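**Student:** fold the following, please.
(2 chains)
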Amino acid sequence: MVSNKEGILQPLNPADTFTLAMDEEIRQENMPGSLCGFALELSNTPNIEALETQINTFIKFFPVTQSSLQQRGKLFYWCQQENTRQLFFQHSCSSEKNETRFFQQTIEKILNTKESREQQSPVEFHLLTGSNKSIFLLRWIHPFCDARGAELILKFLMTDNPKQLEKFAAPFGKPLVNQQLDKYKWWQKIGLFLKAKRHIESIDQYQSIVPLDQQQLQQQPEKLSYAIFRISKQKTEKINKIARKQVGLTGASLYFLGCMMRALEKINSDFPGEAYCVPYAFNLRKSKVLTPVLGNHVCALFSQATREQVQNRSILFQHLKQQNAKVIREKMDYAFLPLMWAGSWLSLEKYGKTLRQSYKTGTERTSFWFSDIGPMNFESQHFFGAEIKGLFHLCQISTPPALGLLSCQFQGQLSLTYNFIEPLFNHQWIEQLHSFYLEELLTE
Amino acid sequence: MQDFSAIPKLREFIFQELIFVESPGQFGDQDDLLEAGLDSMGIMRLIMFIEDEFGVTLPDTEIEPENIGSFNALESWIKKHKN
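**Tutor:** Down below sits the predicted model:
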C-alpha cells in the first residue's frame, strides 16, 4: 500500500467498489477477476485503419483507459501508468473449417486471461476476423463501467462528428455517490443507512437456493464459458407481450428473472435452500436513474422469491412486481448510497463477504447472476463499414453460483447469453436449462 | 409506563461505548451529546442499542438532532414509540 497521491487520475466511485469487491471475490477463486465483454457480430471485416484511429481518439478523450486501479490507504484510485499500453488487438482465423471454434476459443481466452489488478487495462478492444464474419469485442473490467457504459463506448467509436464526441466527455471530480450524499444532512444519512440495513434484514430471511449439488460445489472453478441463444423475432415479440401482461412495461426485466427461477426449479427441485435470490442488475428507474450513482446499475438490492412462490407463475410475478414497486416507492436504491459509501472503506475481503453472504444463514446469497440491458439501439446498423448482425454480453462470475444470464434485444431479437463456470456446469446442462427457460418465457 | 426511565441505561452505554467525558456524573440530562462528541457512527450504534434494549422501532425519518441531542430528548423519543 502506498500512501501518496502521485499519479492519481480520479478516485473510484464508491458505488463501483461494490463491483471491485466482486472482482476480488472472483480473484480469490483463482479466476481472472470481474472481466466483462460486449461483442458485436459483424458481416465482414470492418475498416481496420479507421477503427484504430477512432480507438486512439477514445483513449485520448479518456486518459483513465490507460490507468490501473491501485489502492492508496483504504480507498482505490484510477492511477496513471508509466508506460502506454496496447489496447487494440487483432486475431485472425487461419482455418475456415474451425471458424466457429476459433471465435468461441479466442473470446474465452480473452475473458479468462489472468493479470494482476495493477497490471490490468480497464478496457481492451479486440477484433476477431474470419472468412465469413468478424467479431468486435470490447473487454472491460467491471469497476470501470457496466454494459450500458460499454454501449456508450461503442457509440463513441461509431460517432464520426467531432462535435458530438464532446458530449461524451465525462466530468472528473467528486464521485457521483459523494455528490448525491452531500445533498443530505448527516442525520438523514443515518436514516438512509438504517433504512437500507433494515430492508436487507427483513428480506434476508431465507437460505438461498444455489443450483449446484454437493459434488459440483467441491469442484474448483477452471474457466468461464458461454453459450448464446438468439430467439426469433416472432417469438421475441410474443415473449415481450407476455412480459408486459405479467409484470407491466417497466418491470420487463422481472419477467426474464422470474422465468429463470422457474426454469431452475424445473430442472431440479431438489436443490437445497428455501428461496431464489437474484441481485438487481438492471435499470430500476429506466432512463431516470443518475448513472452511475448506483454503480453499474448493480446494487445490493435483490429480488427474492420462495420455492412456493416460484412454483406458481401468477403468484411469482405478482410477488416480484410488488417487491420491485416497494423498492422504487420507498427509494431503497437511494437508501443504499450511504451503505455503498461506507462499504468503500471496508477491506475488499470484508465487503465481498458482506455482499455475498446471507446475514441470517451465512451461506451464498445469490442464486444466479442476472443482467438485462433491454433493447439496444445504434444510430447506424454498420460498424466501420461492416453490418452489425448481432450482439452479446459476457461476464466472469463468482463460484457459487457460477451461473449468469445476460439478456438484451437487438433488431427485434432477444439475445440470451449464459455465462457459466466450467467444470461446475457444462454446455449440455446449459442447453437443457435453456429449453426449460424458453418454454417458461413462452408460457401464456 | 410513567415510571419508565431509559436514561440510566443510555448513560451507561453512551459513556462506556461512544463518547468520553471526564466526569460523567456532572454531565446533565439536558447537556448536548453532539457537542460532547457523539458522531454519526455512534448514533447508528446508539439507535441499534435502543431498539434492542427497549424493544422499540425508531422511524428513520425521525432521526434528527431534536430527538438525539440529549439524554432527555432520547428518553422522550423512546417513550413516544414505547407505547
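**Student:** which SSE is A:G404 in?
**Tutor:** A:G404 is part of strand A:403-410 when elements are defined by DSSP states H and E.
**Student:** can you tell me the closest non-neighbouring residue to B:K82?
**Tutor:** Nearest non-adjacent residue to B:K82, counting by CB to CB, 6 or more residues apart in numbering or on different chains: B:V56, 5.5 Å away. No exception for glycine: its C-beta is placed from N, CA and C like everyone else's.
**Student:** ditto for A:E379
**Tutor:** Spatially, and ignoring its direct neighbours in sequence, A:E379 is nearest to A:M158 (7.0 Å; CB to CB, 6+ apart).
**Student:** can you check the pLDDT for the one you found?
**Tutor:** On the pLDDT scale, A:M158 is placed at 93.
**Student:** gap between B:E66 and B:L38?
**Tutor:** 14 Å (CB to CB, to the nearest Å).
**Student:** what about the two, which has more around it?
**Tutor:** Neighbour totals were compared for B:E66 and B:L38, and B:L38 leads with 18 against 11 (other CB atoms under 10 Å in any protein chain shown).
**Student:** helix/strand/coil for the more buried one?
**Tutor:** Put simply, B:L38 is coil when judged by DSSP: H, G, I helix; E, B strand; the rest coil.
**Student:** quick one: it and B:E17 touch, right?
**Tutor:** No: look at B:L38 against B:E17 with CB atoms under 8 Å: they stay out of range, at 10.7 Å.
**Student:** who touches residue 64 in this structure?
**Tutor:** Reading this off chain A. Residues near A:V64 by CB atoms under 8 Å, 6 or more residues apart in numbering or on different chains: A:9-10, A:78, A:122, A:144.
**Student:** think we crossed wires, I meant chain B
**Tutor:** A:W187 are the contacts of B:E64 under CB under 8 Å, 6+ apart.
**Student:** before we move on, back to that, considering the contacts of A:V64, which member attains the minimum pLDDT?
**Tutor:** Scanning these for pLDDT, the low point is A:Q10. It has 86.
**Student:** that residue: neighbour count?
**Tutor:** A:Q10, neighbours per other CB under 10 Å, totals 17.
**Student:** who does it bridge with?
**Tutor:** With DSSP bridges as the criterion, A:Q10 is bridged to A:W78.
**Student:** thinking again about what came up before, packing partners for the strand holding A:G404?
**Tutor:** Applying 3 or more CB pairs under 8 Å, 6 or more residues apart in numbering or on different chains; DSSP states H and E, one finds that strand A:403-410 contacts helix A:252-267, strand A:369-376, strand A:386-395, strand A:413-422.
**Student:** quick revisit: surely the residue nearest to A:E379 meets A:F383?
**Tutor:** Yes: counting by CB under 8 Å, A:M158 touches A:F383, with 6.4 Å between them.
**Student:** neighbours of residue 75, how many?
**Tutor:** If you meant another chain, say so; for now it's chain A. 12.
**Student:** my bad, the chain I had in mind was chain B
**Tutor:** 18.
**Student:** which SS state does it fall under?
**Tutor:** helix.
**Student:** nearest residue to it in space, please, no chain neighbours.
**Tutor:** Per CB to CB, 6+ apart, closest to B:E75 is B:A6, 4.7 Å.
**Student:** mind checking pLDDT for the one you found?
**Tutor:** Model confidence at B:A6 (pLDDT) stands at 94.
**Student:** need the residues that contact the helix or strand hosting A:I135.
**Tutor:** Taking DSSP H and E as the definition, A:I135 sits inside strand A:134-141. Strand A:134-141 is contacted by residues A:23, A:33-46, A:51, A:69, A:103, A:107, A:110-111, A:120, A:122-128, A:149-150, A:153-154, A:383, A:386 when judged by CB under 8 Å, 6+ apart.
**Student:** identify those among those residues that sit within strands.
**Tutor:** A:35-42, A:69, A:123-128, A:383, A:386 (DSSP state E).
**Student:** out of these, who's near chain B?
**Tutor:** With CB under 8 Å from any CB of the partner chain as the criterion, these include none near chain B.
**Student:** quick check on these: which are buried?
**Tutor:** Using 16 or more other CB atoms under 10 Å in any protein chain shown as the burial test, those include A:35-42, A:69, A:123-128, A:383, A:386 as buried.
**Student:** give me every residue in the stretch 151-300 of chain A lying close to chain B.
**Tutor:** Residues of the stretch 151-300 of chain A lying near chain B (CB under 8 Å from any CB): A:186-195, A:198.
**Student:** residues contacting residue 26?
**Tutor:** With no chain named, the answer covers chain A. Residues touching A:I26, when contacts are defined by CB under 8 Å, 6+ apart, comprise A:32-34, A:396-398.
**Student:** for A:L403, which non-adjacent residue is closest in space?
**Tutor:** Using CB to CB, 6+ apart and skipping residues adjacent in sequence, the residue nearest A:L403 is A:F368, 4.6 Å away.
**Student:** and the one you found, how close does it get to A:Y276?
**Tutor:** For A:F368, the distance to A:Y276 - CB to CB - is 8 Å.
**Student:** do the same with A:Q54
**Tutor:** Per CB to CB, A:Q54 is found 43 Å from A:Y276.
**Student:** same thing with A:L254?
**Tutor:** Distance from A:L254 to A:Y276, counting by CB to CB: 12 Å.
**Student:** need the residues touching each of those two.
**Tutor:** A:S303.
**Student:** looking at the two, which one has more neighbours?
**Tutor:** A:Y276 (30 against 25).
**Student:** low-confidence ranges in the chain?
**Tutor:** Using chain A here. The model of chain A has pLDDT under 70 over residues A:1-4, A:162, A:165-174, A:281-300.
**Student:** right idea, wrong chain: chain B
**Tutor:** Scanning chain B for pLDDT under 70 picks out the ranges B:1-2.
**Student:** can you tell me the element A:V327 falls in?
**Tutor:** Going by DSSP H and E, A:V327 is part of helix A:313-329.
**Student:** do that helix and chain B meet at all?
**Tutor:** No: figure legend: helix A:313-329 not in contact with chain B (CB under 8 Å from any CB); closest approach 14.6 Å.
**Student:** what does that helix rub up against?
**Tutor:** Outside helix A:313-329, the residues that reach it (CB under 8 Å, 6+ apart) are A:246-248, A:251, A:254-255, A:257-258, A:261-262, A:284-285, A:301, A:303-305, A:309-310, A:332-333, A:443.
**Student:** burial measure for the closest residue to chain B within chain A, as a count.
**Tutor:** Taking CB to the nearest CB as the measure, chain A has A:G191 as its residue closest to chain B, at 3.7 Å. By other CB under 10 Å, 23 other residues sit near A:G191.
**Student:** which ones are touching it?
**Tutor:** Contacts of A:G191 (CB under 8 Å, 6+ apart): B:60-61, B:63.
**Student:** in chain B, what residue comes closest to chain A?
**Tutor:** As assessed by CB to the nearest CB, chain A sits closest to B:D60 within chain B, at 3.7 Å.
**Student:** need the nearest residue in space to that residue, chain neighbours excluded.
**Tutor:** In space, B:D60 comes closest to A:G191 once its chain neighbours are excluded; the distance is 3.7 Å by CB to CB, 6+ apart.
**Student:** need the contact list for A:K360.
**Tutor:** A:204-207.
**Student:** for A:I200, see how far away it is.
**Tutor:** With distances taken as CB to CB, A:K360 is found 10 Å from A:I200.
**Student:** correct me, but A:E349 touches A:E24?
**Tutor:** Yes: using CB under 8 Å, A:E349 is in contact with A:E24, at 6.8 Å.
**Student:** quick one: which of these two has more around it?
**Tutor:** When A:E349 and A:E24 are compared for neighbours, A:E24 comes out ahead with 18 against 12, by other CB under 10 Å.
**Student:** any idea which helix or strand carries A:K360?
**Tutor:** Using DSSP H and E, A:K360 sits within no helix or strand.
**Student:** burial of residue 50, as a residue count?
**Tutor:** I went with chain A, as the question did not name one. 13.
**Student:** you answered for a different chain; I wanted chain B.
**Tutor:** B:I50 has 22 neighbouring residues, counting by other CB under 10 Å.
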